[in-house]
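Enquirer: next input, structure requested:
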Amino acid sequence: LLQSTLPHRTIIFNLFIAALDTMLFRCMAAFAVLAAAAPTCEAFSTNPTPLAIKPSTQQKMPSKSTLFMGPPTDPSAPATDLYGEGSRKYRRTVYTHDQWVKHRSPDRFVNNLSTLFNSGIYKNVGKEVFATTSVAIFVWAWNMLAGGYQDLAGVTHDPLLQGEWIKVVGLPLQAFTTVSPSLGLLLAFRTNSSYKRWDEARKFWGLNINHTRDLNRMATAWYGHDGIPVDPALRAEHLRQVSLMTWAFVRSMKRHLSPPAEDEEAFVAELNARLAPEQADAIIAAAHRPNRALYDLSVAIDRLPMHFMRKNEINKNLSIFEDTLGGSERLLSSPIPLFYSRHTARFLSTWLLLLPFAMYEPFKGSWNHVMEIPAIALASLFLFGIEELATQLEEPFTILPMQGFCDK
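Expert: Sure, this is the predicted structure:
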């Protein structure tokens, strides 16, 4: 500008002033629009006359989910409920303050050890533990027959089996200690991945709980528009429909993620008890029930007399519901890659089945190496138990208290 001639400086200065005037005019116009819209867009504006809402006469359906931990207390419960698939419904734990006190109890170690043989996890791996223990018994018995033994009086006897090919069997322990870190890493990754899936599923349901509350809070607080008088009975019915459709979505999602044999009958009964017949039939007959319930919830929200910007805020919760539903379907349909799980199981099984051959010599201080047998049994019980924990956690929905979440 300093090097420009005077006419050029004058033109540039005039253009700058004109641009500045245009910007100021647009800002003032925007502020004027916002000021005019403020009375209808205020999120927490209150109605000058409080509305009386009739109390709901709807009866609460009882929960269909067991919300305590451990085996069934009913003596008439079938044996299949003690472990395996039948026991998963007894692991849907919801803690209160009393449960946390018991959880932190200094007697927890004694209590856990006293229920060692009642553990469903350990019963599930009983066949594997029996196989490894059988190998240990074979190694112990064969080596006594082929290498001699000591009777209870302490007298050493010659081998009962003799021949050129009759030898004491064994493997060097160094081979197992060399590969054990790799096995530990495989088991740790397997368990961590399964726990992460459980934690992700629990967070999805936590989001459902939070946003169902948020949705109904906003619908209740923002009901009405531009000070138009509201019929209390109509308001109560509109908000009841929003609440029912919100429940219908989470209950349909629970059914969508549960085994049909366990939840179909209860699902149909609960929908027929709470919803109008046409609404219940539409959801039950839908190809994708959660999506149908979410559509009904969208319609119920659209009927609310409120500013469209407020409806947009409420509808953001529905997008989060879609995300939690899609994420849960991903967890249900996509396990940890099967080649990883299978390789870990094969590695662990081979390592434990061959371990008795390497553990015979280290127990030479016991009578005829007999302590190898319980040592192998315990080692296989705990190591197979780690792999079983990962397998049980991998599909999280049948051990989550989803019915309890729906009742919230």
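Enquirer: so what's Phe138 closest to, chain neighbours aside?
Expert: Pro356 (7.8 Å; C-beta to C-beta, 6 or more residues apart in numbering). Yep, even glycine has a C-beta here, placed from its N, CA and C like the rest.
Enquirer: can you get me a residue count around that neighbour?
Expert: Neighbourhood size, Pro356 [other C-beta atoms under 10 Å]: 26.
Enquirer: torsion angles phi and psi at it?
Expert: phi -60, psi -30 (degrees, to the nearest 10).
Enquirer: begin at 45, not 1, for the rest of this chat.
Expert: With 45 as the first residue, the last one maps to Pro400.
Enquirer: any idea how far Gly192 is from it?
Expert: 19 Å (C-beta to C-beta, to the nearest Å).
Enquirer: what's the longest helix seen in the chain packed up against?
Expert: In the chain, assigned by DSSP state H, the helix with the most residues is helix 217-265. Contacting helix 217-265 under the criterion 3 or more C-beta pairs under 8 Å, 6 or more residues apart in numbering; DSSP states H and E are the following elements: helix 276-300, helix 352-377, helix 382-403, helix 416-438, helix 446-451.
Enquirer: any idea which of the ones you listed scores lowest on pLDDT?
Expert: In terms of average pLDDT, helix 446-451 trails the rest of those, at a mean of 87.
Enquirer: report the distance from that one to the chain centre.
Expert: Distance, stretch centre to chain centre, for helix 446-451: 13 Å (C-alpha atoms, centre = their mean, to the nearest Å).
Enquirer: hmm, Pro418 and Thr176 touching each other?
Expert: No - using C-beta atoms under 8 Å, Thr176 is not in contact with Pro418, being 11.8 Å away.
Enquirer: which one of those two has more residues nearby?
Expert: The neighbour count for Thr176 versus Pro418, taken as other C-beta under 10 Å, is higher for Thr176 (23 against 12).
Enquirer: look up phi and psi at that one.
Expert: The phi/psi pair for Thr176 (degrees, to the nearest 10) is phi -70, psi -40.
Enquirer: excluding its backbone neighbours, what's nearest it?
Expert: Per C-beta to C-beta, 6+ apart, closest to Thr176 is Ser424, 4.0 Å.
Enquirer: so what's the closest residue to Ser410 other than its chain neighbours up against?
Expert: Nearest residue to Ser410, sequence neighbours excluded (C-beta to C-beta, 6+ apart): Glu416, at 7.6 Å. Applying C-beta atoms under 8 Å, 6 or more residues apart in numbering, we find Glu416 in contact with 180, 183-184, 400, 403-404, 406-407, 410.
Enquirer: selecting buried members of these in PyMOL, what would you type?
Expert: Buried residues within the contacts of Glu416, by 16 or more other C-beta atoms under 10 Å, are selected in PyMOL with:
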select buried, resi 180+183+184+400+403+404+407
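Enquirer: which of the residues in stretch 243-254 are buried?
Expert: With burial defined by 16+ other C-beta under 10 Å, the residues of stretch 243-254 counted as buried are 245, 248-249, 251-252.
Enquirer: which regions of the stretch 95-244 of the chain sit below the pLDDT cut-off?
Expert: 95-128, 130-131 (pLDDT under 70).
Enquirer: hang on, Lys216 packs against Tyr404?
Expert: Slight slip there: residue 216 is Pro, not Lys. No - taking C-beta under 8 Å as the definition, Pro216 is not a contact partner of Tyr404, at 11.3 Å.
Enquirer: make TSV out of the buried residues of stretch 243-254 and add distance to Trp209 and pLDDT.
Expert: Converted to TSV, those look like this (distance: C-beta to C-beta, whole Å; pLDDT from 0 to 100):
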residue	distance to Trp209	pLDDT
Ala245	56	96
Phe248	62	97
Trp249	63	95
Leu251	67	96
Asn252	67	95
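Enquirer: any idea how far Leu396 is from Val212?
Expert: Taken as C-beta to C-beta, the span from Leu396 to Val212 is 21 Å.
Enquirer: please state the backbone phi and psi of His201?
Expert: According to degrees, to the nearest 10, His201 has phi -120, psi 150.
Enquirer: now for it: which residues touch it?
Expert: Counting by C-beta under 8 Å, 6+ apart, His201 has contacts 192-195.
Enquirer: how does it look with 6 Å?
Expert: The contact partners of His201, by C-beta atoms under 6 Å, 6 or more residues apart in numbering, come to 192-193.
Enquirer: what bridges to it?
Expert: Going by DSSP bridges, His201 is paired in beta bridges with Tyr193.
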